Every structure is written in structure tokens, then in C-alpha cells.
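fold the following for me, if possible:
(chains A and B)
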Amino acid sequence: MLDTDFFRRWMTATATAVDREADRLTDLDSAIGDADHGSNMRRGFGAVTDVLEKESPGSPGAVLVLAGRHLISTVGGASGPLYGTLLRGTGKALGDAAEVSWEQLTEAFGAGVAAVARLGGAKAGDKTMLDALLPAVEALGTSAEAARDAALAGALATVPLPARKGRASYLGERSVGHQDPGAASAALLVAALAEAARTDEGGRA
Amino acid sequence: MSARAQVGIVLVSHSGPVAEAVADLARGLAAGGATAPVAAAGGTSAGGLGTSADMVAAAARSVDRGAGVALLVDLGSAVLTVKAMLAEGDELPDGSRLVDAPFVEGAVAALVTASAGGGLDAVEAAATEAYGYRKV
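Okay, here's the model as predicted:
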């Protein structure tokens, strides 16, 4: 079972990864966006780390709902409401259970991803974060590592696609040849989940 | 709700100066008497380009007179932030609504209608109708 601490580790591992990769995310965004994805994500997940320390939410669902709310209020760009909706949607689907199973997490994450799709109106192949998240949801039932690999492959598969959503869509065919920064950061979020799961197994051993 | 309650208007832009200027334009064109409350929520709280959910929430509270709040938005994060806030349900006053309208023309139509005492449905209809006016 996954406890509250597991979800805190997921969020802090995401913050660490976003901090480490912020320049790469911004480089990707400077090619087809407005060159602020790395700094926006760093600011957002920095705020998430701070608030999780300050408020110590008492359940897996509460950790994600709190994180989601802070992303919406601190990021300032479109990734704020999108990632905020992803985490809050996942957290709400988990309810207020003190521990959740991997199956429950898989199902809840699917609900969170569906909420993001509704909010942004995007679908698979539109060159968005969904191109990393949808394969991750598919693979999550197998294992965290499978989800990490599927998200990374999905993010890399956005390179040849033309963007159909957001600012990059104004570039049309000129967006081809660049990886979508949102898919790249989504792959970091899923990799951080696998990292938290690995720590969990190590802790049990 | 009192019969004199007016719909409030919030203008959410990526840019502080754009939101302020559109509010000024709408006030100027709606004038001829007292106008309904309109507030600008443009840019981030640090003064950069983007959307601040905190500024949107504060603006909506400041124009809420109990008759509903119409939120007009420009692009990208402004649209998504307001939609996410409405989905959350507790950050905006009761009767807050995202109005699908062109930003400048919709703002003028919304403020004129609200100032004339129109309810939220009438304000939304007037703002949305601005999409139907073709320029060529």
C-alpha cells in the first residue's frame, strides 16, 4: 500500500527533477513556445515543496489536492492550471483514504489525466503533455518503471508532430522537429513517481 | 438579490496594461451614467506576462454585488486558469461564469449590458454576440 509519505516523496522528487531539468525545459520551450516552461515549473513545484512542509496534509489525496491548488496559484502560465488539474483530479479520485493501493493510484491518475484532457481540449497526437501522460496511464497497471519508460517514449514521439494546441500551434509545421516541453515535463513527473516507488521498495526490504 | 444588484465584470489578460486599458475603454464607451463594476486582472502578481489565480479571485470578489460575475479572458493560461478555478468551485464568488467572447468587443458589450441592469444571462449573450459581428 502507498501511504501519505509516498505521495510527498513523489512531489519532492518531481520538484528536484524539475529544478535539475529547468534549463532543458526552457530550451525546449524557447524553440516553439515563450521560453518560460522551466522557470514556471520550477517556481510551481518549489511552492509545492514549501507548502507540503508547512501544512503536512494527512492523506495521499490531500497531498495531491494541496499540490495542485498551489500549482494553479503560483505558476502563472498554462502549465499551472494543467498540472494543477492533473494533481487535484488525481487527489480527488483518491478520496481521503490513509493508504491506497497501486491499482487505486492507477485508476485515480487516469481520472486526473482525463480531467487535463477535458480542461485543455487536447487529444493524443496534438503534441501536448497528454502524449506522455496517456501512455503512462496505460503502462501504470504493469509497473512504475513501465510507466516511466512509456512517458519518456511518448514525450520523444512528439518531436515529429505539428503542434495543435497552445502557443506552439501558431507555428504550425514549424513546430515539427522539436519535442513538446509539456510532454517532457510530464515525463519527469512520471519518472519521479517511479523513483518514489523504488524508494518505497527499498524501505520495505 | 436586490433588484438593483449589478453583474460584475472581470477582465483577465496575460498583460496587466492590456487588462487595465480594456477596462478603461469599456468604461469610457459604457459611460453616460454610472457603470457596473469592472476589474482588471492582468499579468502575474510579479508584474510579468501570464495569469495569476490570486489576482483573478481578488478581482472577482471586488466586483461581486450578488448578481453574478462575468469573466472575460484573452488566451492560453488566462482561459485555462479561469476554467480550473471554476472547476475547483470555492475560489470564485457564487454565480461566476466564464464568458466565451472576444476580449475587447466582449468587454464593451458586457459592461454596457451590465450597466443597463442586465442580468448574467443578458451580459453573457451580449458579449458572446460580439463574435457574430464580422469586420470584412
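
and the strands in the chain, which stretches?
Answering for chain A, as no chain was given. A:2-3, A:99-100 (DSSP state E).

to clarify, I was referring to chain B.
Listed in chain order, the strands of chain B (DSSP E) span B:8-13, B:38-42, B:69-73, B:96-98.

now the ones you listed in a markdown table, with distance to chain A and mean pLDDT?
No exception for glycine: its C-beta is placed from N, CA and C like everyone else's. As requested, the strands of chain B are exported to a markdown table (distance: least, CB to the nearest CB, whole Å; pLDDT from 0 to 100):
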| stretch | distance to chain A | mean pLDDT |
| --- | --- | --- |
| strand B:8-13 | 12 | 98 |
| strand B:38-42 | 12 | 98 |
| strand B:69-73 | 12 | 98 |
| strand B:96-98 | 12 | 98 |
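
export those strands to CSV and tack on distance to A:Leu134?
Below are the strands of chain B laid out as CSV (distance: least, CB to CB, whole Å):
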stretch, distance to A:Leu134
strand B:8-13, 29
strand B:38-42, 33
strand B:69-73, 27
strand B:96-98, 26
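
mind putting those strands into CSV with mean neighbour count?
CSV is the format used below for the strands of chain B (neighbours: other CB atoms under 10 Å in any protein chain shown):
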stretch, mean neighbour count
strand B:8-13, 30
strand B:38-42, 25
strand B:69-73, 29
strand B:96-98, 19
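
among these, which comes closest to B:Ala59?
Comparison of the strands of chain B against B:Ala59 by CB to CB identifies strand B:38-42 as nearest, at 3.8 Å.

pull up the pairing partners for that closest one, direction included.
Applying DSSP bridges to the sheet, strand B:38-42 is found paired with strand B:8-13 (parallel).

tell me which parts of chain A are close to chain B?
Proximity of chain A to chain B (CB under 8 Å from any CB of the partner chain) is limited to residues A:34, A:36, A:40, A:69, A:72-73, A:75-78, A:80-82, A:84-85, A:88, A:115, A:119-120, A:166-167.

list the buried residues for stretch A:13-20?
A:Ala13, A:Thr14, A:Ala15, A:Ala17, A:Val18 (16 or more other CB atoms under 10 Å in any protein chain shown).

same list, those, but as TSV with pLDDT please.
As requested, those are exported to TSV (pLDDT from 0 to 100):
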residue	pLDDT
A:Ala13	98
A:Thr14	98
A:Ala15	98
A:Ala17	98
A:Val18	98
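
taking those residues one by one, which sit in helices?
With helices defined by DSSP state H, the entries of the buried residues of stretch A:13-20 inside them are A:Ala13, A:Thr14, A:Ala15, A:Ala17, A:Val18.

got the contact list for the closest residue to the third one other than its chain neighbours?
Sequence neighbours aside, A:Phe45 is the residue nearest to A:Ala15 in space, at 3.9 Å (criterion: CB to CB, 6 or more residues apart in numbering or on different chains). For A:Phe45, the contact set (CB atoms under 8 Å, 6 or more residues apart in numbering or on different chains) comprises A:Met11, A:Thr14, A:Ala15, A:Val18, A:Asp19, A:Leu71.
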